[in-house]
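Enquirer: Here is the input, now give the coordinates:
(one chain, ligands or ions: 1)
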Amino acid sequence: MRISFIGAGAMAQAITKHAVNAGHDVMISNSRGTETLRQQSKTLGCKAGTVEEVVAFGEIVFIAIPLAAYRSIPVAPLVDKIVVDLLNYFPHRDGHIPELEDGEITTSELVARHLPLARIVKAFNAITVEDLEKDARPASSPDRRALPICGDNTEAKKVMIDLMDQLGFDVVDGGLLQDSWKFERFRPAYCVPLNRIKLEKVLSRTLRETKVPDGYWLTPGSIPD
Ligand SMILES: NC(=O)c1ccc[n+]([C@@H]2O[C@H](COP(=O)([O-])OP(=O)(O)OC[C@H]3O[C@@H](n4cnc5c(N)ncnc54)[C@H](OP(=O)(O)O)[C@@H]3O)[C@@H](O)[C@H]2O)c1
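Expert: Numbers count the residues shown, from 1 in each chain. Here you go, the predicted structure:
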């Protein structure tokens, strides 16, 4: 498939490595222009382009930028495209967004307001970039990690589940974009390595009032049975 990234930072690079290994055609972009990506794209074995070029190129377009920049994403070229939102909200970095701070909407719903006609899938937000690099496993590996996704479009989710399987991960469907708070920051499934059965269990037990401290995934024993 043609897979592209708005962004060329840590997350875009980690996913690009897996996608190129799986035989996909990848293009990355950043805010500073194609020239600044020449060496990086050569090392990764992918193409580099402008933001306009990557949104035109990708059958799946990842948004891999700080959440604060979401309004810069082009709207019209992403109509009907599968758009992957891997954003997390960090107020100190992204600024004060009351609806996110109050938990009234998910980060994906914020992105969906900006891209109402894109087929948005929330994915890859609940894993650290370090784990993303090292935890990919072939299908059927006994220690394969599962990642949660959400989305309002069933077909787009199917495509993503298949892609994530190729990239080395099992997937648990967490429901609609409005349900993706269950694996945003401060929730038990956020960045904790879990297999499919454990992840399903953790998501089903996560209620609105279920909160964990920042860095929970680093705490020994935080992984539930
Ligand atoms: N790092 C993690 O462990 C992790 C895990 C899960 C989810 N996430 C989320 O994934 C997103 C990306 O994280 P990251 O760690 O990859 O960040 P990063 O390493 O800081 O990279 C951000 C990239 O976005 C580009 N960028 C910024 N504004 C842009 C714009 N308006 N248009 C095009 N490109 C733009 C930057 O390019 P320039 O330098 O040219 O601006 C840079 O290539 C964030 O929302 C983060 O919260 C991160």
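Enquirer: Let me know the secondary structure of Ala19.
Expert: At Ala19 the chain is in helix, as set by DSSP: H, G, I helix; E, B strand; the rest coil.
Enquirer: number of nearby residues for it?
Expert: Residue neighbour count, defined by other CB atoms under 10 Å, stands at 23 for Ala19. Any C-beta I mention is one placed from the backbone N, CA and C, and that applies to glycine too.
Enquirer: was I right about it contacting Arg2?
Expert: No: Ala19 lies out of contact with Arg2 (CB atoms under 8 Å); the separation is 10.2 Å.
Enquirer: what touches both of the two?
Expert: The overlap between the contact sets of Ala19 and Arg2 (CB atoms under 8 Å, 6 or more residues apart in numbering) consists of Val26.
Enquirer: What's the separation between the residue in the chain that the ligand sits nearest to and Phe124?
Expert: Of all residues in the chain, Gly9 sits closest to the ligand, with a separation of 1.8 Å (CB to the nearest ligand atom). Distance, Gly9 to Phe124, using CB to CB, to the nearest Å: 13 Å.
Enquirer: Quick one: name the residues of the protein near the ligand.
Expert: Listed as neighbours of the ligand in the chain under the rule CB under 6 Å from any ligand atom: 6-12, 29-32, 51, 64-67, 69, 72, 86-88, 125, 128-129.
Enquirer: how about low-confidence regions in this protein?
Expert: 223-225 (pLDDT under 70).
Enquirer: Show me the residue at the heart of it, geometrically.
Expert: Nearest to the mean C-alpha position of the chain, counting by CA atoms, centre = their mean, stands Leu86 at 2.6 Å.
Enquirer: what comes up buried for stretch 141-161?
Expert: Neighbour counts using 16 or more other CB atoms under 10 Å place 144-153, 156-157, 159-161 of stretch 141-161 among the buried residues.
Enquirer: Now flag whichever of those is closest to Val202.
Expert: Nearest to Val202 among these, counting by CB to CB, is Pro148 at 9.1 Å.
Enquirer: Pretty sure that closest one sits against Pro188.
Expert: No: under the criterion of CB under 8 Å, Pro148 is not in contact with Pro188, lying 11.2 Å apart.
Enquirer: Please look at Asn125 and Leu86 and confirm they touch.
Expert: Yes: with the criterion set as CB under 8 Å, Asn125 and Leu86 qualify as a contacting pair; they are 4.7 Å apart.
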